[in-house]
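Asker: make a model of this:
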Amino acid sequence: MADRLNAMMCMDPEAARAAFPPPLRQRLTDVVDLAPDLAPVLLAGHGGGTYGGDGTRAVAGDRASLADVDVLITGWGCPPLDEDVLDAAPRLRAVIHAAGSVKGHITPAVWQRGITVSSAAEANAAPVAEFTSAVIVLAAKQALTTAARYTDGWPSLAEREGTDGRTVGIIAASRTGRRVIARLTSSDAGYRVLLADPYVGREEATALGCELVSLDELCRRSSIVSIHAPELPETRHLLDTRRLALLPDGGTVINTARGSLVDTEALTRECATGRLNAYLDVTFPEPLPPDHRLLSLRNVLVTPHIAGAQGSEVRRLGEYTIAEVGRFISGAPLEGRVEAADLAHIA
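Answerer: Alright, predicted model coming up:
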């Protein structure tokens with residue numbers, strides 16, 4: 001392409017600063033003409049008035065800057081790109097999302113206009129897989145329950161748990177699920193890995209290094225169950241009262257996907273008896289009420305949705321996005337491309 005493309009960012013200002021610190025923003029301006037960032041609140045049509053107190057005119061004025069935009073770089077906090085927004089951006093050819101799921105802002109109008117959509121979900125999968133893998137090691141060693149008994153006396157060697165021979169059940173071979181599987185199967189810790197995923201065949205599961213089973217069988221055979229499925233109507237309460245009861249005594253549930261995939265109250269009952277343990281980076285509701293029972297149980301660790309890119313890790317999303325913009329400009333295939341048909345089975 002002879003002419004440089006015009007790009008604009010629309011995301012929470014804090015997210016923009018984290019994903020695109022000055023060196024990365026400079027790299028972005030090396031490949032596109034970057035317009036001043038568009039505040040998400042103005043794109044959504046709720047901006048304050050700057051033209052004689054007329055809020056509508058103020059929003060229209062800010063949206064006017066979309067007229068020459070070819071590439072919109074979105075992130076956390078971007079509102080839906082509806083017909084009104086797209087009407088203000090007649091040249092828009094691509095939406096490159098510097099975060100994971102695009103379901104919150106990509107509307108049917110985007111697909112109808114043939115606008116290319118891409119996501120940095122692959123980049124965000126890496127820290128989630130790292131977090132999950134670390135938690136699996138803790139779960140295999142029964143870290144929570146042994147820590148709770150710390151003052152009762154130092155455990156003997158016979159009482160100490162190890163990772164060898166542990167069976168880990170992975171629910172869904174998603175981007176993150178596959179990364180976790182790869183870490184477990186390449187480890188010399190001796191994990192056995194089961195997989196439940198309706199979109200994966202037996203040969204593919206074998207190639208991944210795991211055994212394909214039904215979800216019920218996975219629950220019955222796994223001492224550790226890690227969830228990596230997307231949030232869909234059919235995955236709500238995927239682990240419900242019945243399936244949680246299938247897990248063996250002393251089993252552990254790990255959820256770094258979405259809170260709605262687990263029946264919170266059913267899990268609370270199992271953990272309160274001490275029969276199951278849990279590591280939850282996501283919950284439903286999120287956050288949990290301060291007095292929720294899960295937060296006081298010593299065999300449960302609840303973290304505030306920190307498994308994904310945090311702090312300096314967020315720049316991974318910016319780096320991925322810059323590379324994706326470069327691929328779009330050059331006409332190369334986009335690594336994070338999302339199609340409308342994908343939405344039925346991705347996060």
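Asker: what residues are up against Arg202?
Answerer: Leu212 (C-beta atoms under 8 Å, 6 or more residues apart in numbering). Just so you know, the C-beta spots here come from the backbone N, C-alpha and C atoms, and that holds for glycine as well.
Asker: how about 10 Å then?
Answerer: Residues near Arg202 by C-beta atoms under 10 Å, 6 or more residues apart in numbering: Leu195, Glu211, Leu212, Val213.
Asker: which residue packs closest to the last one, ignoring adjacent ones?
Answerer: Going back to what we said before, that points to Val213. Closest residue to Val213 in three dimensions, ignoring its sequence neighbours and counting by C-beta to C-beta, 6 or more residues apart in numbering: Leu194, at 5.1 Å.
Asker: after the helix or strand encompassing the one you found, next one along is what?
Answerer: Secondary structure assignment for Leu194, by DSSP states H and E: strand 192-196. Going down the chain from strand 192-196, the next helix or strand is helix 202-208, by DSSP H and E.
Asker: pull up the distance across stretch 24-40, start to finish.
Answerer: Start-to-end span of stretch 24-40 (C-alpha to C-alpha, to the nearest Å) is 21 Å.
Asker: ah, wrong one, I meant stretch 74-93
Answerer: Stretch 74-93 end-to-end distance (C-alpha to C-alpha) = 13 Å.
Asker: what do you get for stretch 253-271?
Answerer: 10 Å.
Asker: could you do stretch 226-243 as well?
Answerer: 14 Å.
Asker: got a pLDDT number for Arg57?
Answerer: In this model, Arg57 is scored at 39, pLDDT.
Asker: return the longest helix seen in the chain as CSV; C-alpha atoms alone will do.
Answerer: Assignment by DSSP state H gives helix 121-140 as the longest helix of the chain. Extracted in CSV, the C-alpha atoms of helix 121-140 (Å, rounded to 0.1, in the frame of the first residue of the first chain):
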residue,chain,number,x,y,z
ALA,A,121,-6.6,-13.2,22.7
GLU,A,122,-3.6,-15.4,21.8
ALA,A,123,-1.2,-13.0,23.6
ASN,A,124,-3.5,-12.9,26.6
ALA,A,125,-3.6,-16.7,26.7
ALA,A,126,0.1,-16.9,27.6
PRO,A,127,-0.1,-15.3,31.1
VAL,A,128,-3.4,-17.2,31.8
ALA,A,129,-1.7,-20.5,31.0
GLU,A,130,1.3,-19.6,33.1
PHE,A,131,-0.9,-18.8,36.1
THR,A,132,-3.0,-21.9,35.6
SER,A,133,0.1,-24.2,35.4
ALA,A,134,1.5,-22.7,38.6
VAL,A,135,-1.8,-23.3,40.3
ILE,A,136,-2.0,-26.9,39.1
VAL,A,137,1.4,-27.5,40.8
LEU,A,138,0.1,-26.0,44.0
ALA,A,139,-3.1,-28.1,43.7
ALA,A,140,-1.2,-31.3,43.1
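Asker: which helices and strands sit right next to it?
Answerer: helix 143-148, strand 167-171, helix 175-186, strand 224-227, strand 252-255, strand 277-280, strand 300-302, helix 315-330 (3 or more C-beta pairs under 10 Å, 6 or more residues apart in numbering; DSSP states H and E).
Asker: can I get the ones you listed in CSV with distance to Asn6?
Answerer: What follows is the helices and strands packed on helix 121-140, written out as CSV (distance: least, C-beta to C-beta, whole Å):
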stretch, distance to Asn6
helix 143-148, 51
strand 167-171, 43
helix 175-186, 30
strand 224-227, 41
strand 252-255, 41
strand 277-280, 43
strand 300-302, 44
helix 315-330, 12
